[in-house]
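Give me a 3D structure for the following:
(2 chains)
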Protein chains: 2
Amino acid sequence: MAKDNKNKKVTAITSMSEDFAQWYTDICKKAELVEYTSVKGCMVIRPYGYAIWENIQHILDGMFKETGHENVCMPMFIPESLLQKEKDHVEGFAPEVAWVTHGGNEKLEERMCVRPTSETLFCEHYANIVHSYRDLPKLYNQWVNVVRWEKTTRPFLRSREFLWQEGHTIHATAEEAVAETERMLDVYAEFCEKSLAMPVIKGRKTESDKFAGAVATYAIEALMHDGKALQAGTSHYFGDGFAKAFGIEYTDKENKRVSPHQTSWGVTTRLIGAIIMTHGDDNGLVLPPAVAPIQAVVIPVAQHKEGVLEKAEELRKRLANIGLRVKLDDSENSPGWKFAEYEMKGVPVRIEIGPKDIENGQCVIVSRWNGEKVTVSLDELEKAVSDKLTEAHDGMYAKALENQNKRTHDCKTIEEIKSCIEQNGDGFIMAMWCGDEACEDSVKEQTGVGSRCIPFEQREISDVCVCCGKPAKHMVCWGIAY
Amino acid sequence: MAKDNKNKKVTAITSMSEDFAQWYTDICKKAELVEYTSVKGCMVIRPYGYAIWENIQHILDGMFKETGHENVCMPMFIPESLLQKEKDHVEGFAPEVAWVTHGGNEKLEERMCVRPTSETLFCEHYANIVHSYRDLPKLYNQWVNVVRWEKTTRPFLRSREFLWQEGHTIHATAEEAVAETERMLDVYAEFCEKSLAMPVIKGRKTESDKFAGAVATYAIEALMHDGKALQAGTSHYFGDGFAKAFGIEYTDKENKRVSPHQTSWGVTTRLIGAIIMTHGDDNGLVLPPAVAPIQAVVIPVAQHKEGVLEKAEELRKRLANIGLRVKLDDSENSPGWKFAEYEMKGVPVRIEIGPKDIENGQCVIVSRWNGEKVTVSLDELEKAVSDKLTEAHDGMYAKALENQNKRTHDCKTIEEIKSCIEQNGDGFIMAMWCGDEACEDSVKEQTGVGSRCIPFEQREISDVCVCCGKPAKHMVCWGIAY
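Modelled structure (predicted):
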């Protein structure tokens, strides 16, 4: 059976080494995460994919609320004149928005875009409700859909409509706002590591890569199986630029009128793409236990035999009782078919129980992430499954970190970068930079890798810029971005 | 203090009897539920308003999942050709949609509307994924925003963009689909009664009032403080009309190709408007405990005195420990100011604790819904507050039901309807109907009340139509709709 099963899987999806992009798309479809529609560049997020997003939302929302944030909901439309109030912002976003021009049969007096992000709406709102230092800070967030008119799209990674959360906060002082920007980047990094088992590099974006309208953009960058970098979350410090553009002022304790300072930060359904490309393998998805819609699946073997289904249901109940998301698959499909199905869907732990197991008072537990198979006494079921889930998280994180470390290389010259990529394929390159945008562009042109971020954790690889040889200011993490 | 406080409240909002519409708007603004924006017909849902919606979502989502439904997410755009596939549906919705005509700087080849509802998208998806009887039923739901281009708008009751859930299910047989339609109406009615303390009348819409494309529309109708009816939720049975228009077919057990049957059902942020107008009073909002963002607020009296704040915090913790949503307001505002504030915000229970109370080992508990004030021993805090919350729910429900009953009148003739409205003001009129649309229109024209629904619970008020005198088919619930 195991063999049939294996053959089945091999034909099921393209292997990663054969065609990485196709492997990715195959998982999205075969694990029933998404389906295409006639709406170009948009997708249906199917129940199994959406359940992952719900788990991500649930954990992150808890972290936001614990750090004092409140949820709100802004309109989805932005009148053109409102979008134009902050100059850098409109320049960045106007080319990629969807425009609503008609309501029913009437042409609108002023066209409106579907929000690509909501800074302008939050600013208008803050101008209405912030008057005194007593009104500050406001720590708001919203879970909504946004639209950016991308030319080429891929499920989760880049789609015209996507789901995200956008935090928008406003503070009395620059210090507070900067602290918030950093704090939320830490929240994201902690979430990626503790809930998605995904190591990330925290850093600051270079000037050329900042969010439109930001003073500083911080980001977390993760490394995918194919050596490409994925920006998994961003946090922006705006200074008082937006406040000035939108006329937001407050009266401070000395009765002076001053400008407040703002931030915004967001993560998107792109995180699901990151999970696929950080943990997936040639058998399909491998889900981190914290966000897996099904953490353990119970599969009865020879389920027509007396007592098997009853025992399987008993195991399901016991695991549900300790708070696990557990499913019993008592459908008429063969056990082999079911094994392949839940491997494809990345369910962290599979529990097999058949007549012999029942006789011996045991069951078989198989871990998805490393394929390890153990036989455990039924008396120890709860502990054994819980341990396996903890082990899965830790193991997946360690494996991903090892992969990231193995694919991260220090380089001192352009030539070193070139030969490093030739030898090792894509990955993170750590190299020094003088801070000049011309050098940043030149590195990209000569080697193909762009600046991902200036890591918070700096090392001195050399004292000169990898490009021009002038004194170096920062160590930059370079790579090819999704 | 109580007196000052009362004076303060009187000036705070317009009274219901003076100007009901202004009273409603005042509550929306002063309780900080919404704020207006420069986006016409759209609103900001502020943290306190959004928290009510989150509680509604949490409870309903649990009920949906318990009844086997799964959440998905469809695109927000519908290409014009897709919207046009079902004739009645497009006729109903095309005049009130927002059209996206440009993406970035380019004109779209085909314009798309922002979803006013998502039947067409679900149908397209079902056509892709439903092939065999084994694929049925699909019980899907989504929590999203939709847009309908309304001319006149009011917060929560009618806005161009609103939040809702839309369930969309597809079944092998008509019987199953009808049962689902009825089941979900029951879920809505149970939710309104058990979580919102709001009695509703369940019934079927007349032909003229059906959803565009439906075979039958069921609805729950609630009666507001001003005697107007509010449609609080709808559930539609589609037969196989959509399936045929979209080419959805499946192979049944006899290997024949047949059309499946569909339903859809939804409730919206309008429920928040219903809460306001069912329970609110001249002091502001009165929230049902199940969805109140703050169920109990602890207000220290003479908080500068030693030990008061510590004791107040201790009470807060004890109530939080039994799972209540509880807040301690230790701000520098006066207790009187705080009393008025949390009355305006409709917090079900207020707990006052001052030096004398501490000395006597007691606190004062005030119920928002009926103003009742009791002194309880601190030993019994948890039980006392829990009891008060249960009492609040039950009392609010009974009061709303009494109001509904008092404003519901049986009428046998058009003249009776007219004089009933003259005497009693707006409310529900129960009167017989022959089933002829001309009579339905005529009743409305002559008396101003329209058909709200044909209640499931029928009584025979007379045996002839209230309008034409021909044999009656149904008892209809008539009223003026929001």
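
tell me the domain ranges of chain A?
Domain assignment for chain A by automatic domain parsing gives A:19-279, A:296-392, A:408-479.

for the last one, how far is the first residue from the last?
Just to be clear, that refers to domain A:408-479. Counting by Cα to Cα, to the nearest Å, you get 10 Å between the two ends of domain A:408-479.

ok, now stretch A:323-330?
Stretch A:323-330: ends 21 Å apart by Cα to Cα.

Can you give me the buried ones in stretch A:392-408?
By neighbour count with 16 or more other Cβ atoms under 10 Å in any protein chain shown, stretch A:392-408 contains the buried residues A:Ala392, A:His393, A:Gly395, A:Met396, A:Tyr397, A:Lys399, A:Ala400, A:Asn403, A:Gln404, A:Arg407, A:Thr408. Glycine gets a C-beta too; all of them are placed from N, C-alpha and C.

Regarding stretch A:98-112, how distant is the last residue from the first?
End-to-end for stretch A:98-112, by Cα to Cα: 8 Å.

can you list contacts of that stretch?
A:77-81, A:113-114, A:147, A:149, A:160, B:39, B:77, B:94-103, B:114, B:149, B:160 (Cβ atoms under 8 Å, 6 or more residues apart in numbering or on different chains).

Narrow the residues you listed to those that are buried.
Among the contacts of stretch A:98-112, those buried by neighbour count (16+ other Cβ under 10 Å) are A:77-79, A:113-114, A:147, A:149, A:160, B:39, B:77, B:94, B:96-103, B:114, B:149, B:160.

What's the nearest residue in the stretch 151-300 of chain A when you look at chain B?
Nearest to chain B, among the residues of the stretch 151-300 of chain A, is A:Glu161, at 5.6 Å (Cβ to the nearest Cβ).

Touching, that residue and A:Val144? I think so.
No. Using Cβ atoms under 8 Å, A:Glu161 and A:Val144 do not qualify as a contacting pair, with a distance of 10.6 Å.

More neighbours: these two, which one.
A:Glu161 (23 against 19; other Cβ atoms under 10 Å in any protein chain shown).

List the contacts of the more buried one.
With Cβ under 8 Å, 6+ apart, A:Glu161 has these contacts: A:Gly41, A:Cys42, A:Asn145, A:Val146, A:Val147, B:Pro75, B:Met76, B:Phe77.

Can you add mean pLDDT and distance to B:Glu310 and give the domains of chain A back as JSON lines?
Output for these, formatted as JSON lines (pLDDT from 0 to 100; distance: least, Cβ to Cβ, whole Å):
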{"stretch": "domain A:19-279", "mean pLDDT": "97", "distance to B:Glu310": "22"}
{"stretch": "domain A:296-392", "mean pLDDT": "97", "distance to B:Glu310": "35"}
{"stretch": "domain A:408-479", "mean pLDDT": "97", "distance to B:Glu310": "40"}
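
Stretch A:343-355 and chain B in contact?
No. Counting by Cβ under 8 Å from any Cβ of the partner chain, chain B has no neighbours in stretch A:343-355; the shortest distance is 14.1 Å.

swap in stretch A:34-45?
Yes. Using Cβ under 8 Å from any Cβ, stretch A:34-45 comes into contact with chain B via A:Glu35, A:Thr37, A:Ser38, A:Val39, A:Cys42, A:Met43, A:Val44, A:Ile45.

residues making contact with that stretch?
A:28-29, A:33, A:46, A:49, A:53, A:149-150, A:153, A:155-156, A:159-161, A:163, A:269, B:72-79, B:82, B:112, B:121, B:124-125, B:128-129.

Buried only: go through the residues you listed for me.
Neighbour counting by 16+ other Cβ under 10 Å classes A:28, A:33, A:46, A:49, A:53, A:149-150, A:153, A:155-156, A:159-161, A:163, A:269, B:72-79, B:82, B:112, B:121, B:124-125 among those as buried.

Report the secondary structure element holding the spatially most central residue of chain A.
Taking Cα atoms, centre = their mean, the centroid of chain A lies closest to A:Leu271, which sits 2.1 Å from it. Assigned by DSSP states H and E, A:Leu271 belongs to helix A:270-279.

which helices and strands sit right next to that helix?
helix A:20-30, helix A:47-66, strand A:216-223, strand A:229-239, helix A:381-406 (3 or more Cβ pairs under 8 Å, 6 or more residues apart in numbering or on different chains; DSSP states H and E).

Save these as CSV, and put in distance to B:Thr169 too.
Shown next, in CSV, are the helices and strands packed on helix A:270-279 (distance: least, Cβ to Cβ, whole Å):
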stretch, distance to B:Thr169
helix A:20-30, 23
helix A:47-66, 13
strand A:216-223, 38
strand A:229-239, 35
helix A:381-406, 33
